[in-house]
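[1] Got a predicted structure here, sequence first:
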Amino acid sequence: MCGIVGIFDTNGNRDIDREALRRMNESQHHRGPDEGELYTEKGLGMGHRRLSVIDVATGQQPLLNAARDTVIVFNGEIYNYRALRDELIALGHVFQTRSDTEVVLQSWIAWGADCVRRLRGMFAFGIWDRRQQTMFLARDHVGVKPMFYSLLPGGLFVFGSELKSIMTFPELSRQINPRAVEDYFAYGYVPEPNTIFHNAYKLSPGHCILLKVGEREVRPQRYWDLPFKPAPARPEAEVEQELIARLREAVQSQMESEVPLGAFLSGGVDSSAVVAMMAQEDRDPVTTCSIGFDDPDFDESRYADAVAQRYHTRHHAQIVDKDDYGLIDTLAHLYDEPFADSSAIPTYRVCQLARRHVTVALSGDGGDENFAGYRRYRYAMAEHSVRSRVPEAIRKPLFGTLGSIYPKADWAPRMFRAKTTFEALARDLVEGYFHGVSIMPDRVRDQLFSDSFRSGLQGYRAVEAMRAHAKNAPTDDPLSLIQYVDFKTYLPGDILTKVDRASMAHSLEVRVPLLDHTFLEWASTLPPDLKLRGGEGKYILKKALEPHLPHDIMYRAKKGFSIPVADWLRGPLREAVRKSVLSTRMFDTGIFNRRFLEQMVSQHESGAADYSAPLWSLMMFEAFLRVSLES
């Protein structure tokens, strides 16, 4: 696991500023504290920060082939690299190292851009091929590893593992993209391929870029997509057996390491399943790490303890203060752009704990997206069931009117918020789902922004990010469709971003076997009623795991990594909210409606409304302005 950077002169003839390249590379020192190297030639510079995991002795980068006409910088792990290495050796390729990095390099030499279709793993890499005068960039299938890029005004193409690496260039405009702001205050993150800035982009998951000297048009191309192609019906028992076999194989494939390896163990279904499979593959006890809270309303550590005891793991647990709100500026620095998922705080802490004991940790991320485990899927399908029974000509005016006149109940659980439900029922599936998952629904964002800012959006609405993916979805099944949309937005934009930045802040590599793309392809073919049945998410996963995990682990209410944000903002962070949200810095942007911000703060303080999610997102936006943008 590493950090990579690069500078490519699209004209092909300029000397690269080595000091500028060094600044880029050192901005990501935390991603790879073991080694850091630079490579330059006419028109090209590449840098690498290394966290040594495989081929510790000879896996240094940037790595050149024997002819020294092709060079790579690589971040990630390739889990089928041994099989690919044997195949390449049979084709006559000669290897200088035992690293998976060289396998990727030789794969490019053998198969060109099609090499990415053969890779199984998590990766982001750049390859310069002097023979073809070509720069090639690629990002893994689901976006576990990040890649940012920009084509600067003078013709330099720059890329890196974090936004801060390309922000070292003064030529990169710090102009905020209004559409990204609209997206952020709807989703809590900026969805791919945009960033918060004009002219800076994320390479989308499952995409690559091929640039030739003399070209200035950057055209990302998709090389992979989730199929959601229904498989023939089979008995459930057969599906359960195959699920466990595939899960075990995915976990086993990701357990290779020359440094200490372990797993996160939250006590939920997914992380517990990964630990169960690891324990059955490894003779030595698995090292597991979890955190709990000193408030029983938020603490789930007893479930993690139960799994640790069942599989006799070397378990490391830490109880943290539920009022652990001192990381706001740290998070702003790590994420480089606004990021409003408050579970980034406990994620940061569990990564901090894990790094004391291991260098590589396996995670359970991806189970909810694969097997429809989120409550949001149950709500969306319940709403869709009602929506599909009422003709559109009646549904929109009826539920639209009810939604407009019904009082808000922000304090209530979502199933009892009739206003929100009526508003969702008046919409189609995608817009209704968007409405349900937004941290600020349209009616709130309409009041949040100033008139001038809203005018500058020119009618753009954040739902368009979901609509664009839904339009290209390979399925029209309603559950599969919203799963597909989450795979394109929420998974890479929130979940994987959160874990990548939190883990790399502590130089910890996190692997995600439930997001192995071959496992994803198979899971996507399963009938939707094997994923969500009778209000039970992950139905088939839980049935398959019954011999491996306690009943209480699998069939308890899902809680997640929740923290008491609403209480913080009314209590110990009360003054910080006012200082941040109502600051001159925020109003000077011209983005916000001052009167509405003041109204949200006062109503939340008094308990008249729960604006915890909007206020937290505003605090993180102010921290971004102060820590990342102005630094």
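    All right, it came through fine. Numbers count the residues shown, from 1 in each chain.
[2] show me what contacts the residue nearest to residue 336 when sequence neighbours are not counted?
    Spatial nearest neighbour of residue 336, excluding adjacent residues (C-beta to C-beta, 6 or more residues apart in numbering): residue 163 at 3.8 Å. In this view, the C-beta of every residue, glycine as well, is placed from N, C-alpha and C. By C-beta atoms under 8 Å, 6 or more residues apart in numbering, the residues touching residue 163 are 148, 195, 197, 200, 336-337.
[3] I'd like the distance from residue 163 to residue 463, if you could.
    Distance of residue 163 to residue 463, given as C-beta to C-beta, to the nearest Å: 25 Å.
[4] next one: residue 498
    From residue 498 to residue 463 the distance is 23 Å (C-beta to C-beta).
[5] Same question for residue 558.
    Per C-beta to C-beta, residue 558 is found 26 Å from residue 463.
[6] Dump the contacts of residue 163 to a markdown table, plus pLDDT and distance to residue 288.
    As requested, the contacts of residue 163 are arranged in a markdown table below (pLDDT from 0 to 100; distance: C-beta to C-beta, whole Å):
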| residue | pLDDT | distance to residue 288 |
| --- | --- | --- |
| 148 | 98 | 33 |
| 195 | 98 | 35 |
| 197 | 97 | 39 |
| 200 | 97 | 38 |
| 336 | 95 | 31 |
| 337 | 96 | 32 |
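[7] Looking at these, which one is closest to residue 187?
    Taking C-beta to C-beta as the measure, residue 187 lies nearest residue 337 of these, at 12.2 Å.
[8] what sits against that closest one?
    163, 180, 184, 190, 195-197, 624, 628.
[9] Could you find the closest non-adjacent residue to it?
    Spatial nearest neighbour of residue 337, chain neighbours left out: residue 196 (4.0 Å); criterion: C-beta to C-beta, 6+ apart.
[10] again, but for residue 614
    Spatial nearest neighbour of residue 614, excluding adjacent residues (C-beta to C-beta, 6+ apart): residue 440 at 5.1 Å.
[11] neighbours around that neighbour, how many?
    Residue 440 has 23 neighbouring residues, counting by other C-beta atoms under 10 Å.
[12] just checking, it touches residue 615?
    No - checked against C-beta atoms under 8 Å, the pair residue 440 and residue 615 is beyond contact range at 10.3 Å.
[13] Not counting whichever strand or helix holds residue 540 itself, show me its contacts.
    In this assignment (DSSP states H and E), residue 540 forms part of helix 539-545. Residues outside helix 539-545 that contact it (C-beta under 8 Å, 6+ apart): 236, 239-241, 243-244, 247, 269, 273, 276, 367, 370-371, 373, 526, 529-533, 536, 554-555.
[14] Please indicate which of the residues you listed are buried?
    239-240, 243-244, 247, 269, 273, 276, 367, 370-371, 373, 526, 530-532, 554 (16 or more other C-beta atoms under 10 Å).
[15] distance of the residue nearest to the spatial centre of the chain from residue 311?
    By C-alpha atoms, centre = their mean, the chain has its centre lying nearest to residue 496, at 2.3 Å. The spacing between residue 496 and residue 311, counted by C-beta to C-beta, is 26 Å.
[16] Then residue 195?
    41 Å.
[17] go on, residue 333?
    37 Å.
[18] Same question for residue 556.
    Counting by C-beta to C-beta - residue 556 and residue 311 are separated by 19 Å.
[19] Over to residue 572?
    38 Å.
[20] Below-threshold pLDDT in this structure: ranges please.
    Residue ranges of the chain with pLDDT under 70: 1, 52, 54-58, 322-323, 389-426, 559-562, 631.
[21] returning to that earlier point: hang on, isn't the residue nearest to the centre of the chain packed against residue 347?
    No - applying C-beta under 8 Å, one finds residue 496 not in contact with residue 347, separated by 11.3 Å.
[22] where exactly do the helices run in the stretch 501-631 of the chain?
    Assigned by DSSP state H, counting those that start in this stretch, the helices in the stretch 501-631 of the chain fall at 517-524, 539-545, 551-554, 565-570, 574-581, 584-588, 594-606, 612-623.
[23] quick one: contacts for residue 15?
    Going by C-beta under 8 Å, 6+ apart, the list of residues near residue 15 reads residue 42.
[24] any idea which helix or strand carries it?
    With DSSP H and E as criterion, residue 15 is part of no helix or strand.
[25] Would you state the strands of the stretch 101-250 of the chain in chain order?
    121-129, 134-139, 148-151, 156-160, 201-202, 207-212, 221-222 (DSSP state E, counting those that start in this stretch).
[26] just to revisit the earlier point, using TSV, please lay out the contacts of residue 163 together with distance to residue 81.
    Listed next are the contacts of residue 163 as TSV, based on distance: C-beta to C-beta, whole Å:
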residue	distance to residue 81
148	25
195	31
197	35
200	31
336	30
337	32
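[27] which among those gets closest to residue 563?
    Looking across these and measuring by C-beta to C-beta, the closest to residue 563 is residue 337, at 21.4 Å.
[28] Would it be right to say that the closest one lies in a strand?
    No - read with DSSP: H, G, I helix; E, B strand; the rest coil, residue 337 is coil and lies in no strand.
[29] For residue 462, see how far away it is.
    15 Å.
[30] ok, now residue 183?
    Counting by C-beta to C-beta - residue 183 and residue 462 are separated by 5 Å.
[31] Same question for residue 39.
    41 Å.
[32] Then residue 33?
    In terms of C-beta to C-beta, residue 33 sits 37 Å off from residue 462.
[33] between these two, who's got more neighbours?
    Shown here are residue 33 and residue 462; by other C-beta under 10 Å, residue 462 has more neighbours (23 against 13).
[34] The more buried one contacts residue 186, doesn't it?
    Yes - with contact defined as C-beta under 8 Å, residue 462 reaches residue 186; the gap is 3.5 Å.
[35] Can you check which residues contact both of the two?
    Residues touching both residue 462 and residue 186 (C-beta under 8 Å, 6+ apart) are 434, 438, 445.
[36] Surely residue 318 is in a strand?
    Yes - looking at residue 318 with three-state DSSP, it is inside a strand.
[37] Throw the strands of the stretch 101-250 of the chain into a markdown table and include distance to residue 252, thanks.
    As requested, these are exported to a markdown table (distance: least, C-beta to C-beta, whole Å):
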| stretch | distance to residue 252 |
| --- | --- |
| strand 121-129 | 14 |
| strand 134-139 | 25 |
| strand 148-151 | 32 |
| strand 156-160 | 32 |
| strand 201-202 | 31 |
| strand 207-212 | 28 |
| strand 221-222 | 29 |
